[in-house]
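>>> Got a sequence here, can you build the structure:
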Amino acid sequence: MPILDHGEDGDDWVLVMPRAEKSLAQEIQALDGTLMDRRLVLRVLSDIATALVEIEGHIVHRDIKPQNVLYLDGAWCLADFGISRYAEATTAPDTRKFSWTPPYAAPEQWNAERPTSATDIYAFGVMAYELLAGQRPFAGPDVSDFREQHLTQVPPPLVAGTGRLRTIVEECLYKDPAARPTPSNLLARLGKAEQEPRGPGASRLAAASHRQAVERTKAHADAQLARQQSERLARIAADGERAFEVFADAMLEMLEDDAPTASLERRAGRGAMVFVGHLGKAKLGLSRPQPAPAWSGPFTVAAYASISIAYDNVNHWGWQGRSHSLWYCDAFEEGRFAWYETAFMDFALSGTRPSIEPYALEPPRASDAFSNVIGTVQLAWPVEELDRDEPDVFVDRWLGWYADAVEGKLDRPSTMPERRDERKWRRA
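Residues are numbered from 1 along each chain as shown. The predicted structure is shown next:
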């Protein structure tokens, strides 16, 4: 839109522009659910693409939507540069960088990354999809819904328009900014958008290109989803580490109070031992939590640790001690994370008897124990939630076993599993 004049009015900066005949939003509203004529769609898109070429390398609009496209003197013009910025400028805190419109915001805007002309191309793609399909590619309705959809979901395939036009719009909606067409490329291709491929070979190539475009969009959406899940699990794991301190502090306090002759070695660093307590010929160890790797089990494990009691040497039965897994997971209710205790054993008919039994495992190595088939690893201790309000229950049991070990009375369990599994974990 041309600027006729500018000035100040009190604390306001005033821009004077010609009065437009209508906005694209009004044009869409007037259609009342019917699809816009395809020739008009191409005209609108070509005019906007021309505007994007004009500002490419100079200005990033950051809020392209039908309300900001106005019809003046026979052309569709780009207006309302209220939150735009110079392309090479560092964004100042007063440019309202987060005032964009959720249904049209590009993935990089949701990730608070630096917008570029590719950001405007994405919003162009949303608008083009809306003009062709009669609805936006993502329906929301809430801001959180729009965020997930723009970051991780692939738009429903377009059926309106020529193959060339559909491909252009799909490329504009790529999640990866670098994969979207430039404004110049966009404008040039729109000029040929009404043309279908000229021969069977060209048609097959166009179809193959379309399939590649869909796969590429899905791959990037999947990567965004994996990134979101990874960031979410990292936050949950950090919460788990803080929650774990209740059990570690309670156990250290009891050891220092009730076993002053035990030598306590404390270690720092993620995954290292919180402490190793040595008394007589037995030692008790508690490891620090660390983020859990992905696994194929029925629930989500965000962090894991372990606790163990071991003699200095293997006894005459080939047994040296026991260890249990401590997992920060949502074993029984999806999304409700807590610390759980469990342990594992070898399949009874495998013919092997490990020196540490039952034993702790990292989640990926324990997948067999949670499957529907009999595997080499089985549960030796049920999945039980640890009570943060009463950590002494968990701590006292392990200190009792430790006392038995110090006196040489702790043996391999005579039967396993040692406890009946009263409650089954959830299955995804």
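>>> I'd like to know how far the nearest residue to residue 165 once chain neighbours are set aside sits from residue 173.
Distance criterion CB to CB, 6 or more residues apart in numbering; nearest residue to residue 165, sequence neighbours excluded, is residue 193 at 4.2 Å. (Glycine included, C-beta is placed from N, CA and C.) Residue 193 is 16 Å from residue 173, where distance means CB to CB, to the nearest Å.
>>> These two: which is more packed in?
Set side by side, residue 193 and residue 173 show more neighbours around residue 173, with 25 against 20, by other CB atoms under 10 Å.
>>> what sits against that one?
Residues counted as contacts of residue 173 (CB atoms under 8 Å, 6 or more residues apart in numbering) are 122, 125-126, 129, 137, 155, 217.
>>> tell me the secondary structure for residue 33?
Recorded secondary structure, residue 33: coil (DSSP: H, G, I helix; E, B strand; the rest coil).
>>> Verify the stated contact: it with residue 133.
No. The criterion here is CB atoms under 8 Å, and residue 33 misses it with residue 133 at 11.7 Å.
>>> Give the residue from those two that has the larger number of neighbours.
residue 133 (18 against 8).
>>> can you tell me how far the more buried one sits from residue 166?
According to CB to CB, residue 133 stands 10 Å off from residue 166.
>>> overlap in contacts of the two?
By CB under 8 Å, 6+ apart, the residues touching both residue 133 and residue 166 are 158, 160.
>>> hmm, back to that, give the contact list for the residue nearest to residue 165.
Going by CB under 8 Å, 6+ apart, residue 193 touches 42, 161-162, 164-165, 168.
>>> can you check residue 247 too?
Contacts for residue 247 (CB under 8 Å, 6+ apart) come out as 286, 326, 339, 386, 388, 391, 394-395.
>>> Also residue 118?
With CB under 8 Å, 6+ apart, residue 118 has these contacts: 106, 108, 177-178, 180.
>>> Now do the helix or strand hosting it: distance to the chain's middle.
Secondary-structure element containing residue 118, defined by DSSP states H and E: helix 117-133. Here helix 117-133 shows a centroid-to-chain-centroid distance of 24 Å under the convention CA atoms, centre = their mean, to the nearest Å.
>>> next helix or strand past it?
Reading on from helix 117-133 to the C-terminus, the next helix or strand found by DSSP H and E is helix 143-152.
>>> Who are the packing partners of the helix or strand that comes right after that following helix?
Next in sequence after helix 143-152, counting helices and strands by DSSP H and E, comes helix 163-172. Using 3 or more CB pairs under 8 Å, 6 or more residues apart in numbering; DSSP states H and E, the elements in contact with helix 163-172 are helix 117-133, helix 183-190, helix 200-258.
>>> if we go to 6 Å?
With contacts taken as 3 or more CB pairs under 6 Å, 6 or more residues apart in numbering; DSSP states H and E, helix 163-172 sits against helix 117-133, helix 200-258.
>>> about what we covered before: just flag the most distant two among the contacts of residue 173.
Comparing all pairs in the contacts of residue 173 by CB to CB, the longest separation belongs to 126 and 217, at 13.6 Å.
>>> higher neighbour count, the two?
residue 126 (25 against 20).
>>> residues touching the more buried one, list them.
By CB atoms under 6 Å, 6 or more residues apart in numbering, residue 126 lies in contact with residue 104.
>>> do residue 172 as well
Per CB under 6 Å, 6+ apart, neighbours of residue 172: 121, 124-125, 180.
>>> pLDDT-wise, what's the bottom of those residues?
When those are compared by pLDDT, residue 180 scores lowest at 90.
>>> wait, isn't that one in contact with residue 120?
No. The pair residue 180 / residue 120 is not scored as a contact, 9.6 Å apart, by CB atoms under 6 Å.
>>> Which one's more surrounded, those two?
Taking neighbours as other CB under 10 Å, residue 180 and residue 120 compare with residue 120 leading, 28 against 24.
>>> and the more buried one, how far is that from residue 170?
17 Å.
>>> Likewise for residue 292?
37 Å.
>>> now residue 281
From residue 281 to residue 170 the distance is 69 Å (CB to CB).
>>> same check, this time on residue 253
61 Å.
>>> Comparing those two, which residue is more hemmed in?
For residue 253 versus residue 170, neighbours defined as other CB under 10 Å are more numerous around residue 170 (22 against 13).
>>> surely that one meets residue 214?
No. Counting by CB under 6 Å, residue 170 stays clear of residue 214, with 7.1 Å between them.
>>> Residue 361 and residue 348: what is the separation?
As judged by CB to CB, residue 361 and residue 348 stand 17 Å apart.
>>> nope, residue 13 is what I meant
80 Å.
>>> Please apply the same query to residue 24.
As judged by CB to CB, residue 24 and residue 348 stand 71 Å apart.
>>> Those two - which one has more neighbours?
Relative neighbour count places residue 24 above the other of residue 24 and residue 348, with 23 against 9, counting by other CB under 10 Å.
>>> OK, contacts around the more buried one?
Applying CB under 6 Å, 6+ apart, we find residue 24 in contact with 66, 69.
>>> try 8 Å this time
Residues in contact with residue 24 (CB under 8 Å, 6+ apart) are 44, 66-67, 69-71, 76, 127.
>>> So residue 261 sits against residue 278, correct?
No. Counting by CB under 8 Å, residue 261 sits too far from residue 278 to count as a contact (10.1 Å).
>>> With that, I have no additional questions.
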